[in-house]
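[1] Kindly return the folded structure for what I paste below:
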Amino acid sequence: MPTDASPQGDDRGAVLIVLHQERSSPGRVGQLLVEKGYRLDIRRPVLGDKLPSTLGDYAGAVVFGGPMSANDPDDFVKAEINWLDVPLREKRPLLGICLGAQMLVRQLGGKVQSNQDGSTEIGWYPLHATEKGRRLMHWPKMVYHFHREGFDLPRGAELLAEGDAYPNQAFRYNGHAWGLQFHAELTRAMMHRWVVHGAHRFILPNAQQGREHLEGRMLFDAPLRSWLNEFLDIVFEGQSSKAAIETRIALPG
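    Next up is the predicted model:
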């Protein structure tokens, strides 16, 4: 499988990267992981790649988004949801992004569905950290979305951040599994590609137009990238940021 080596020569092990289209990229998540010393083992189950039976030789896994639904009847969707039992059972670091988070929710017994009014989140929308989220780290005020389904908070999960249209935006389960509804991984080239190929969705309720996506990037991308860099350390290294420590001291209780 394709593997990217760390330019630092500081090998922290391989992270399993699960993508859902032939041209999909791990984007900024992949770039930052490589900078931190991880290798990337990229698999595309939709194209026939098999997922490992154990993550014992991995530093963790990231399951990315895609145009399909976690509710789709395709065999590869069902198989991937079932496979998520591996990192959950072995308590390995696991990060699900958008579709990946929704698959994780399905594995944990929760529901994935659209809002009754058909509203979407396609563009930049406010994010509100919960008290548990604030005790973990500082969060960006605006994040990027491209979805029309959301998820229930799985039983036993901690809600870390909320949104206005879709309330459940970030959660942690059992200390090592994480789900994000929003996208922090997009590079500039990826966003331009999404805006071009996803333009037909801009007519959906609550969706923003392409120019708003690109203008929002200029305003909100820098803090989102900074957040992601710190967040990946928390997911894969269990580190708490200095900001999180300061926040915990400031919060009552």
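
[2] For the stretch 101-250 of the chain, give me the ranges with low pLDDT.
    240-250 (pLDDT under 70).

[3] Tell me where it has strands.
    For the stretch 101-250 of the chain, strands defined by DSSP state E, counting those that start in this stretch occupy the ranges 112-113, 121-126, 128-129, 142-147, 150-151, 157-162, 168-173, 177-180.

[4] Quick one: distance of the fourth one to the chain centre.
    Computed by C-alpha atoms, centre = their mean, to the nearest Å, the chain-centroid distance of strand 142-147 equals 11 Å.

[5] Could you export that strand as PDB, CA atoms only?
    What follows is strand 142-147, C-alpha atoms only, in PDB (Å, rounded to 0.1, in the frame of the first residue of the first chain):
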ATOM      1  CA  MET A 142     -15.800  28.800  12.700                       C
ATOM      2  CA  VAL A 143     -15.300  25.400  10.900                       C
ATOM      3  CA  TYR A 144     -15.900  24.100   7.400                       C
ATOM      4  CA  HIS A 145     -18.600  21.600   6.500                       C
ATOM      5  CA  PHE A 146     -19.800  19.700   3.500                       C
ATOM      6  CA  HIS A 147     -22.600  17.400   4.600                       C
END
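
[6] hmm, back to that, quick one, which of the strands of the stretch 101-250 of the chain gets closest to His197.
    strand 142-147 (10.6 Å; C-beta to C-beta). For the C-beta atoms, the positions are set from N, CA and C on the backbone; glycine is no exception.

[7] Run through who's touching that closest one.
    Residues outside strand 142-147 that contact it (C-beta atoms under 8 Å, 6 or more residues apart in numbering): 65, 98, 120-127, 166, 169, 181-184, 186, 191, 194, 198, 201, 213, 216-217, 219-220, 224.

[8] now swap in stretch 42-56 and tell me
    1-3, 16-22, 24, 26, 58, 61, 66, 68, 76, 79-80, 83, 86-87, 90, 92.

[9] ok, now with 10 Å
    If you take C-beta atoms under 10 Å, 6 or more residues apart in numbering as the criterion, stretch 42-56 is touched by 1-4, 14-22, 24-26, 30, 41, 58, 61, 63, 66, 68, 74-77, 79-80, 82-84, 86-87, 89-94.
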